[in-house]
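> could you work out the structure for the sequence below:
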Amino acid sequence: MGQLAVVLGSNALSPQGRAIADVAAVHGATVLQRHGADYRLPHEIDHLANLEWLAEQGCDRVLAIGSVGSLHVELPVGSLVCPNDFIALHLGVSGVTGLRAHAVPGFDPGWRQEVIEAWNARGNPLRDGGVYWQTIGPRFETPAEIRMMAAHADLVGMTIAAECIVAGDLGLAYAAVCAVDNLANGVASEEMAISELEIHRDANATRLRDGLDATLSELER
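Residues are numbered from 1 along each chain as shown. A predicted model of the protein is given here:
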């Protein structure tokens, strides 16, 4: 079996969040910050370069960490979700060329199940399943856009689907743990506030750190 990769997102950039990277490194995983050292905006990320680097390091499976908004009040801030499908109709990313690009993308079923079982066995609740809708970013969505998305998806973010597509093209098993850092614009009764999102993101970083610390040794077997 090859090396385990942990890909981190914006919820790992604060002082609290950087502890996620420390935990993954201690457990021997190859750690990648998808936004880079100087923070590239979501629509500027070179997913192919990121995932090719992981493949060069001998990685064969990826556990991605993402920050998301919830499209439903029944999925509150603080929830951790392992999505099983996504919507990203506008994306044109691929890790291959020619006829091979006509592939069926998706999260790796077996690897997803391993992640869920390992995470939940340690007493860290991880919701099994949910549809992730990827937007272009970097702006957040309007309430009208969110209402449209909510009819078909559970989570909204700007990176996970693109990363999943490229990982599959390169032969890397891919699963994600998404932390709900906010209710999407228009879902809550009050207006969405970026300052509150940052507070929730820091709190979720602690949950993610503890969850990874408890499960990475199991996933590395």
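> from here on, contacts and neighbour counts on C-alpha atoms
OK.
> now the residue positioned nearest the centre of the chain: how far from A144?
Nearest to the centroid of the C-alpha atoms of the chain, with distances taken as C-alpha atoms, centre = their mean, sits G66, at 3.0 Å. Using C-alpha to C-alpha, to the nearest Å, G66 is found at 24 Å from A144.
> for this protein, what spans make up the helices?
Under the criterion DSSP state H, helices of the chain are mapped to 15-26, 47-56, 109-121, 143-150, 160-169, 194-219.
> return the most buried member of these.
Counting by mean count of other C-alpha atoms under 10 Å, helix 160-169 has the highest mean neighbour count of the helices of the chain, with a mean of 24.
> pLDDT-wise, which helix or strand of the chain ranks last?
helix 15-26 (a mean of 81; mean pLDDT, DSSP states H and E).
> chain center to that helix: distance?
Relative to the chain's own centre, helix 15-26 is displaced by 16 Å; criterion: C-alpha atoms, centre = their mean, to the nearest Å.
> quick one: low-confidence ranges for this structure?
Using pLDDT under 70 as the threshold, the predicted model of the chain has low-confidence ranges 95-96, 99, 221.
> quick check: the closest residue to E196 other than its chain neighbours vs A203, distance?
Across the structure, with C-alpha to C-alpha, 6 or more residues apart in numbering as the measure, the residue nearest E196 apart from its sequence neighbours is N182 (7.9 Å). If you measure N182 against A203 using C-alpha to C-alpha, the figure is 12 Å.
> repeat for A153
The gap separating A153 from A203 is 24 Å, by C-alpha to C-alpha.
> now the end-to-end length of stretch 164-177.
Its start and end residues considered, stretch 164-177 measures 12 Å (C-alpha to C-alpha).
> list of residues touching it?
Residues outside stretch 164-177 that contact it (C-alpha atoms under 8 Å, 6 or more residues apart in numbering) are 47-48, 51-52, 55, 59-66, 80-83, 93-96, 101, 103, 105-108, 111-112, 115, 160.
> for beta bridges, what are the partners of the residue nearest to Y174 when sequence neighbours are not counted?
Nearest residue to Y174 in three dimensions, chain neighbours excluded: V62, at 4.8 Å (C-alpha to C-alpha, 6+ apart). Assessed by DSSP bridges, V62 has beta-bridge partners A5, Y174.
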